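Engineer: 3D, please:
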Amino acid sequence: MSQPSFEERQLSFGASADAYRRFRPTYPSQAIDWVIAAATTPVSHVADVGAGTGALTEQLIQRGLRVDAVEPDAGMLETLTSSLPGVTAHQAPAEHLPLDAASVDAVFVAQAWHWLDHPVAADEFARVVRPGGVLGLLWNLRYLEADWMRDLAQLIGGEDRMVMLSDGNDEVHRSLIQLGSQWSGVESFHVHHDVVMNPDDLVGLIGTYSYVRLRADAADVLASVRELAITHPDLAGRERFPMPYVTVAYRTVRDSR
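Structural biologist: Here you go, the predicted model:
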């Protein structure tokens, strides 16, 4: 079965914006705290770039931060503004931010860096972040520590997963970080957490993955996901179950020179 192309996946998210908002997990507070702690100047105004439907945007607002949410997909942005009325929102790509130079204390990119033109985006982030400010990149990744998680990975394919993190080896994801000389060295941080789900939640979540949703046999794959959630020995008879994640965070500081 042929897989959807990168371009098809990149432009597909608006069609599932409501499901994305409902089923995608949020981010552990420890990861957000860790990014902000690297800034050498106070952090009060931040940009959430590739904000999607606003999961991270909402968490940043709850911290009392002033947030500009930037998202290129109109459908995703509509869901964000419906959920977070009054938020400052912009429809724009990460490579061309509608923000003034040195206007924010931090840029966050959650679950979106791999869609960007890395060198161009890194230069654009350096333009809008004040010296001493910080760039934080976050991913929620499925953590394959249980048999049922490994079986799920085999069933759906794709790359949104991480097999081992116990030794701190994340060189595959570190290779995604292509930043210029305007940024300091990149640091990484991992947080393990669980999201409690039921079979409907699991099917809904997997249906938001572009590499599943765009497949010609997507309905069959999702039916198999439901069967797994009901019959797998790890899950059978359980109305709710924890789905293990690891949040991988990276941070780098805007050079103050």
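
Engineer: how close does residue 241 get to residue 219?
Structural biologist: According to Cβ to Cβ, to the nearest Å, residue 241 stands 23 Å off from residue 219. C-beta: built from backbone N, CA, C; applies to glycine.

Engineer: For the stretch 1-150 of the chain, which residues score under the pLDDT cut-off?
Structural biologist: For the stretch 1-150 of the chain, the stretches flagged by pLDDT under 70 are 1-16.

Engineer: re earlier: show me which of residue 241 and residue 219 is the more surrounded one.
Structural biologist: A direct count of neighbours by other Cβ atoms under 10 Å for residue 241 and residue 219 places residue 241 higher, at 19 against 10.

Engineer: Beta-bridge partners for the more buried one, please?
Structural biologist: Beta-bridge partners recorded for residue 241 (DSSP bridges): residue 197.

Engineer: what do you get for the one 4 residues further on?
Structural biologist: The residues listed as beta-bridge partners of residue 245 by DSSP bridges are residue 142, residue 193.

Engineer: which residues does the closest residue to residue 103 other than its chain neighbours contact?
Structural biologist: Nearest non-adjacent residue to residue 103, counting by Cβ to Cβ, 6 or more residues apart in numbering: residue 128, 5.6 Å away. With contacts defined as Cβ atoms under 8 Å, 6 or more residues apart in numbering, the neighbours of residue 128 are 47, 97, 99, 100, 101, 102, 103, 104, 107.

Engineer: Give me the buried subset of these.
Structural biologist: Buried residues within those, defined by neighbour count using 16 or more other Cβ atoms under 10 Å: 47, 97, 99, 104, 107.

Engineer: On the three-state scheme, the first one is what?
Structural biologist: With DSSP: H, G, I helix; E, B strand; the rest coil as the basis, the three-state label of residue 47 is strand.

Engineer: What's the separation between it and residue 111?
Structural biologist: If you measure residue 47 against residue 111 using Cβ to Cβ, the figure is 15 Å.

Engineer: Next: the second one.
Structural biologist: Taken as Cβ to Cβ, the spacing of residue 97 relative to residue 111 amounts to 18 Å.
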